[in-house]
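J.: Sharing a sequence plus its predicted fold:
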Amino acid sequence: MNTIQPRLIKTAQKTRKSLLLLGVAAALVQITPALADGSVESTPIPTPTPTESSVSLRGFGTLGIARSSSDQAEFVRDLSQPQGISNRWSGRIDSMLGVQANWQATPTLELVGQAVSRYHYDRSRDPELMWAFAKWEPDARLSLRAGRIGADFMMLADSRLVNYSFLTVRPSADFFGPLFFSHFDGADASLTLPLGNGLVRGKLFAGITHEKSSGIAGVWDTSGSALNGLVLDYQTGPWQLRASAASIRFSSDIDLAPLPDLLRSAGTSLGIPSAIAAADTLIVKNTTTRFYSIGAVYDDGPLQIQGMLNSIHHQTGVFHNSRAGYLLAGYRMGTVTPFIGVSWWKTHAKSSSTGLPDIAPFDAINQSFDSSMAVSVADQKTYTLGARWNVRQDMAIKLQWDAIRGTAASRFPFANIKPGWNGHTNVLSLSLDFVF
């Protein structure tokens, strides 16, 4: 009895904390889902004309199940998930629930926030405060926000948890998989001006992260990492174009101990500079990663097309530089929208060798180093086929098949890879997305 009671108290405290967080968020936020006809782009839900104080509350969620044809590796939505799905049906990676509301305090000042319960780096589903910011719009051209803001590293990235706003079951894992940054604490400024037959918008943002990721080296806490970026949008008729650049300077290392110390010790004692250099490549703290992307979305009548490309450059050797892209097309036929797509993700290996002799005890160090460098290799393509059925204005059912075809060395961002993995698997997904 003495053993059970502290656990019950701890569980009750944790539950009260989760409920309190959801309650606070519900008092602060409002959802902005996609068009109910299955459009891939989101549009704000009409809110009262901001002539007086008004509060509105909305929510969103997904009930999703998926399974893979392989039990040699677990498919994950992105790098924030420590465990994925294999050859058994599971609702782990896609199911989530969120609340979002806004308070139009004055005609020019709005307070916004969002809380989401999803699968975390620590295998929990504790509600997380995703947005909590104040937005000031003195006129239609200028918008200033400060607080906790959605990370807008790539096109559609800041709304990728609202599955209802996407045509597919989930955003492309090949394209968005490396992004486990969902929000940051800081500020941004947007300026929108007419240009030709459309509107051009420029946005600058800066702040610090509070995100964590899980991998074979355990939990990596990036809290305090400084980030900044620039976004340029142009919208005309059915077209929306975007180019963006962002960078993040990491505040902490990934725990690879004792490998770096062993490399430096062996390199110093044997007089092999390449071993010391190999240890330096494992450093992540105070290194910078840069993200570049371009994208286009076309949505006119029944036809929807979107395509994006990105390039990610890392100073650290732990992560390989990569390029990725995808093309997705859908055609609305009443309430049903069949879609088809292709995506790819390929890393570019950095030259790395310890230079240590491949004899005991140095062979174990070499093997550990090679294994650490192999974890972030990606070399795959994914072919997607599916359909979205808008059951009603605020609810959609999606069925999707993804054929992932990669090399045996392609491990990013799969989890818990076993011997025998050949880089090939088929993922079947079924989801119910809703807003309320």
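T.: Received the coordinates, thanks.

J.: How far does stretch 88-99 stretch from one end to the other?
T.: For stretch 88-99, the first-to-last residue distance is 30 Å (CA to CA, to the nearest Å).

J.: ok, residues contacting it?
T.: Outside of stretch 88-99, the residues that reach it under the criterion CB atoms under 8 Å, 6 or more residues apart in numbering are 22, 25-26, 29, 31, 57-67, 75-77, 81, 83-85, 114-119, 130, 161-163, 169-170, 429, 431. Backbone N, C-alpha and C define where each C-beta goes, glycine included.

J.: Give me the buried stretch members for that stretch, please.
T.: 90-99 (16 or more other CB atoms under 10 Å).

J.: Check stretch 402-413 too.
T.: Neighbour counts over stretch 402-413 (16+ other CB under 10 Å) mark 402, 404, 406, 410-413 as buried.

J.: With stretch 68-76 instead?
T.: Neighbour-count burial for stretch 68-76 [16+ other CB under 10 Å]: 68, 70, 72-76.

J.: Stretch 368-385 too?
T.: 368-369, 372-373, 375-382, 384.

J.: quick one, helices of the stretch 251-400 of the chain?
T.: Using DSSP state H, counting those that start in this stretch, the helices of the stretch 251-400 of the chain run over residues 259-270, 273-281, 362-374.

J.: Format those helices as CSV; extra columns: distance to residue 397.
T.: Converted to CSV, these look like this (distance: least, CB to CB, whole Å):
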stretch, distance to residue 397
helix 259-270, 47
helix 273-281, 47
helix 362-374, 39
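
J.: which two from the buried residues of stretch 402-413 end up farthest apart in space?
T.: 402 and 411 (17.2 Å; CB to CB).

J.: Which of the contacts of stretch 88-99 are buried, as a ChimeraX select command?
T.: Of those, the buried ones go into a single ChimeraX selection, burial set by 16+ other CB under 10 Å:
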select :22,25,26,29,31,57,58,59,60,61,62,63,64,65,66,67,75,76,77,81,84,85,114,115,116,117,118,119,130,161,162,163,169,170,429,431
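
J.: what residues are up against residue 156?
T.: Residues near residue 156 by CB under 8 Å, 6+ apart: 166, 171, 295.

J.: Now do the same for it: its pLDDT.
T.: Residue 156 is assigned 80 on the pLDDT scale.

J.: ditto for residue 47
T.: Here the pLDDT value assigned to residue 47 is 43.

J.: cool, residue 375 as well?
T.: 89.

J.: Over to residue 187. Which of the three states is it?
T.: strand (DSSP: H, G, I helix; E, B strand; the rest coil).

J.: residues in contact with it?
T.: With CB under 8 Å, 6+ apart, residue 187 has these contacts: 144-147, 149, 205-207.

J.: Tabulate the residues you listed (a markdown table), appending secondary structure, pLDDT and neighbour count.
T.: Below are these laid out as a markdown table (DSSP: H, G, I helix; E, B strand; the rest coil; pLDDT from 0 to 100; neighbours: other CB atoms under 10 Å):
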| residue | secondary structure | pLDDT | neighbour count |
| --- | --- | --- | --- |
| 144 | strand | 98 | 15 |
| 145 | strand | 98 | 22 |
| 146 | strand | 98 | 15 |
| 147 | strand | 98 | 17 |
| 149 | strand | 95 | 22 |
| 205 | strand | 97 | 23 |
| 206 | strand | 98 | 14 |
| 207 | strand | 98 | 21 |
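
J.: is it possible to export the residues you listed to a markdown table including distance to residue 339?
T.: Shown next, in a markdown table, are these (distance: CB to CB, whole Å):
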| residue | distance to residue 339 |
| --- | --- |
| 144 | 37 |
| 145 | 32 |
| 146 | 37 |
| 147 | 35 |
| 149 | 30 |
| 205 | 31 |
| 206 | 36 |
| 207 | 34 |
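
J.: circling back: can you put the buried residues of stretch 68-76 in TSV and add pLDDT, distance to residue 126 and secondary structure?
T.: Formatted as TSV, those follow (pLDDT from 0 to 100; distance: CB to CB, whole Å; DSSP: H, G, I helix; E, B strand; the rest coil):
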residue	pLDDT	distance to residue 126	secondary structure
68	97	26	strand
70	95	30	coil
72	96	30	coil
73	95	27	coil
74	96	22	strand
75	97	23	strand
76	95	19	coil
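
J.: Save these as JSON lines, and put in distance to residue 192 too.
T.: Formatted as JSON lines, these follow (distance: CB to CB, whole Å):
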{"residue": "68", "distance to residue 192": "43"}
{"residue": "70", "distance to residue 192": "46"}
{"residue": "72", "distance to residue 192": "49"}
{"residue": "73", "distance to residue 192": "44"}
{"residue": "74", "distance to residue 192": "42"}
{"residue": "75", "distance to residue 192": "39"}
{"residue": "76", "distance to residue 192": "36"}
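
J.: what's the most distant pair in these?
T.: Maximum distance among those (CB to CB): 14.2 Å, for 72 and 76.

J.: Please tell me which one of the contacts of residue 156 counts the most neighbours.
T.: Highest neighbour count within the contacts of residue 156, by other CB atoms under 10 Å: residue 166, with 26 neighbours.

J.: Enumerate every residue touching residue 147.
T.: Taking CB under 8 Å, 6+ apart as the test, what residue 147 contacts is 131-134, 185, 187.

J.: what sits against residue 148?
T.: Contacts of residue 148 by CB under 8 Å, 6+ apart are 113, 129-133, 183-185.

J.: quick one: which of the contacts of residue 187 is nearest residue 347?
T.: Using CB to CB, the contacts of residue 187 come closest to residue 347 at residue 205, 26.6 Å.

J.: Quick check: the closest one vs residue 157, distance?
T.: 12 Å (CB to CB, to the nearest Å).

J.: list the contacts for residue 66?
T.: 75, 85, 89-91, 93-94, 169, 427-430.

J.: whoops, I mixed them up, residue 283
T.: Per CB under 8 Å, 6+ apart, neighbours of residue 283: 253, 260, 316.

J.: what's the pLDDT at it?
T.: For residue 283, the pLDDT comes out at 95.

J.: Same check on the one 10 residues further on?
T.: Reading off the confidence values, residue 293 has pLDDT 96.

J.: Which residues does it form beta bridges with?
T.: Assessed by DSSP bridges, residue 293 has beta-bridge partners residue 244, residue 310.

J.: I figured it hits residue 155, correct?
T.: Yes. Using CB atoms under 8 Å, residue 293 is in contact with residue 155, at 6.5 Å.
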